[in-house]
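Asks: Show me the folded form of this:
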Amino acid sequence: MLDLELLRSFVSVVEAGGFTRASERVHRTQSTVSQQIKRLEEDVGQVLLHRDGKDVRPTEAGERLLSYARRLLSLAEEARDVLRQPGGEGAIRLGIPEDFAAYRLAKLLGAFSRTHPRLRLDVRADQSKHLARDLERGELDLALYKRAAGEKGAIAVWPERVHWVTSKSHPVDVDVPSVPLIGFPLGCVYRAGAIHALESAGRAWHTAYTSSSLSGIQAAVAAGMGLSILSEMSIQSDHRVLTAKEGFAPINKTEVALMASPDASPATLRLADRLAEFCDNVQAKAA
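Replies: Purely as a prediction, here's the structure:
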């Protein structure tokens with residue numbers, strides 16, 4: 001019999017590409033995860049991972065085991081859910097930023113729903129400050145949101161690189177005496193970062209357009225109403241990224257945090273694992 005905990009650690013190491021990130025996912029120390037992989041290799045009588053410093057990748061035997069491990073873990077999760085919620089009344093309240101909602105995350109959530117038919121997903125896309133507030137109030141079970149870099153407490157965090165953008169067709173003169181700023185309302189981490197960057201550079205600014213909608217901000221930038229800062233996944237084809245030579249260097253003082261409520265259910269934590277994998281992949285593609 002294959003130990004599911006060992007399989008879970010194995011899958012996490014492969015998907016995370018190393019022991020450090022995998023240990024964070026499975027809430028074990030790095031040495032414990034390493035010992036679990038060794039036990040699994042002894043159980044199956046095969047070397048499952050190539051280890052080259054911090055670089056870890058599956059061997060041929062590891063590749064073969066990987067698909068079976070994922071299926072076994074998924075089936076075990078489904079069985080637990082059926083027994084815990086025989087009436088199918090379980091629900092996960094998830095909050096995500098608007099740019100993530102439009103960036104392939106819907107496919108992940110749809111796949112999760114299909115593999116957990118007895119669970120109900122209640123997903124809300126909103127500004128990060130509202131998601132953080134509602135998670136703290138107990139109105140969300142899980143939230144993925146933007147925050148200032150370096151804050152404490154999270155299942156996982158990913159550094160975020162955001163850029164100053166202008167219109168490609170109607171660019172704003174970057175040498176204007178007062179920079180016209182487009183952004184979310186007061187309290188948005190992007191708005192705070194943009195204002196801090198401008199004032200640190202001694203640049204005057206004024207609010208040109210404020211919207212609670214990402215699509216509204218994108219449209220205002222495209223129309224040439226002002227400058228804004230956007231995440232890489234939110235920059236559109238009718239936007240132009242400004243450069244450090246123009247006086248608008250990328251801002252690296254924000255991060256994406258994945259947070260769960262203190263009493264999160266096992267199903268909620270499994271969804272958190274899926275979201276962590278998604279963000280790992282986005283981060284890897286951006287590197």
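Asks: give the contact list for the nearest residue to S237 once chain neighbours are set aside.
Replies: Among residues not flanking S237 along the chain, K168 sits closest, at 7.6 Å (C-beta to C-beta, 6 or more residues apart in numbering). For every residue, glycine as well, the C-beta is placed using N, CA and C. Residues near K168 by C-beta atoms under 8 Å, 6 or more residues apart in numbering: 222, 237-240.
Asks: Three-state assignment for the closest residue to R203 other than its chain neighbours, please.
Replies: What sits nearest to R203 in space, not counting adjacent residues and going by C-beta to C-beta, 6+ apart, is V179, at 5.6 Å. Here V179 is recorded as strand under DSSP: H, G, I helix; E, B strand; the rest coil.
Asks: So what's the residue count around V179?
Replies: V179: 23 surrounding residues under other C-beta atoms under 10 Å.
Asks: quick one: it and L198 touch, right?
Replies: Yes. The criterion here is C-beta atoms under 8 Å, and V179 meets it with L198 at 5.9 Å.
Asks: Which neighbours do these two have in common?
Replies: Here V179 and L198 share the contacting residues 204-205, scored by C-beta under 8 Å, 6+ apart.
Asks: on that earlier part again, can you give me the pLDDT of the residue nearest to S237?
Replies: For K168, the model assigns a pLDDT of 96.
Asks: try P185
Replies: Confidence score, pLDDT, at P185: 88.
Asks: picking that back up, narrow the contacts of K168 to those that are buried.
Replies: With burial judged by 16 or more other C-beta atoms under 10 Å, the buried subset of the contacts of K168 is 222, 239-240.
Asks: What distance do you get for the residue nearest to S237 to L214?
Replies: 18 Å (C-beta to C-beta, to the nearest Å).
Asks: and what of A194?
Replies: When distance is defined by C-beta to C-beta, A194 is 15 Å away from L214.
Asks: With neighbour numbers in mind, choose between the two.
Replies: Between A194 and L214, counting by other C-beta under 10 Å, A194 is the more crowded of the two (24 against 19).
Asks: How is the more buried one assigned, secondary-structure-wise?
Replies: helix.
Asks: so it sits right up against L230, yeah?
Replies: No. In this structure, A194 is not within contact of L230 by C-beta under 8 Å, at 10.2 Å.
Asks: Please enumerate the strands of this protein.
Replies: Taking DSSP state E as the test, the strands found in the chain are 49-52, 55-58, 90-97, 119-126, 142-148, 156-167, 178-183, 204-210, 228-231, 239-241, 251-260.
Asks: Can you lay out the ones you listed as TSV showing distance to L105?
Replies: Formatted as TSV, these follow (distance: least, C-beta to C-beta, whole Å):
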stretch	distance to L105
strand 49-52	29
strand 55-58	26
strand 90-97	6
strand 119-126	9
strand 142-148	8
strand 156-167	14
strand 178-183	23
strand 204-210	26
strand 228-231	13
strand 239-241	21
strand 251-260	12
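Asks: Fine, thanks again, bye for now.
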